[in-house]
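Trainee: A structural model of the following input is requested.
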Amino acid sequence: MNREELKVSHRDILGKKVRFLRREGLTPVNVYGPKIESLPLQVETSLLKRLISKAGMNALINLKVDAARKPRTVMIRDIERDPLTQELLHVGFFQVEMTHKVKVEVPLLFIGEAPAAKSSRVMLIENLTSLEVEALPADLPRNIEVDLSVLEEIGQAIHVRDIPVDEGVEVLTEASHLVVSAMEARAEVEEVVEEVEGEGEAEGEGTEESEEA
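Mentor: From the prediction side, this is the model:
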């Protein structure tokens, strides 16, 4: 599989002054790893956005730093965005060794249609959106598929242990954790109503006690 490439350059501007880089269409980034010191870099924001959209978090990327002959093999490890505008503030790249396993969160991709969900009385409850896995960098999946077509009746569920993964990928998330289930929608509503009524009664009792005191 062809890797995505990204050209970056060394960065001298550090700390709060990096805001001036963003005004010039550049985003501050860092490369770090178990055997290297954190390296401050900068990259064109437009190129970085395109890479994030296309590659995602677990893809291997060839990072070309200035005029260095050999690119660094990295993965996107963390993305910091402005909470209001969602504009990129900083991206951290993790430099990997192809012979050493890494632990990452892999998003779940729900595919197919659950026959149980065709009923208006049924709703699908998603409890997990990703799994923690460990594998060699070249074996890491972009996502893990969850086939919903096995949910044929109310009450059926898919647990972590039910999800197949490729050879060489070890799932670290607890096998018994619930991923998605087909539940009766009416039961969900009744439970919520009962909880609200119970809270109301408790508040009323507290008020009466206060008046008596």
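
Trainee: where does the chain have low pLDDT?
Mentor: Scanning the chain for pLDDT under 70 picks out 1, 186-213.

Trainee: Domain map for it?
Mentor: Following automatic domain parsing, one finds the domains of the chain at 4-96, 103-190.

Trainee: can you give me the helices for the protein?
Mentor: Secondary structure of the chain (DSSP state H): helices at 19-23, 45-55, 185-212.

Trainee: what's in contact with the second one?
Mentor: Where contact means Cβ atoms under 8 Å, 6 or more residues apart in numbering, the residues beyond helix 45-55 that reach it are 4, 6-7, 22, 25-27, 29, 61, 76, 79, 88, 91. C-beta coordinates here come from the backbone N, C-alpha and C atoms, glycine included.

Trainee: Among the residues you listed, which are located in strands?
Mentor: 4, 6-7, 26-27, 29, 61, 76, 79, 88, 91 (DSSP state E).

Trainee: re the thing from before, between which two of the contacts of helix 45-55 is the distance greatest?
Mentor: Farthest-apart pair in the contacts of helix 45-55 is 4 and 22; separation 22.5 Å (Cβ to Cβ).

Trainee: Run a quick neighbour tally on the closest residue to residue 155 other than its chain neighbours.
Mentor: Spatial nearest neighbour of residue 155, chain neighbours left out: residue 182 (6.8 Å); criterion: Cβ to Cβ, 6 or more residues apart in numbering. By the criterion of other Cβ atoms under 10 Å, residue 182 has 23 neighbours.

Trainee: re earlier: out of the ones in strands among the contacts of helix 45-55, who has the most neighbours?
Mentor: Comparing the ones in strands among the contacts of helix 45-55 by number of neighbours (other Cβ under 10 Å), residue 6 comes first, having 26 neighbours.
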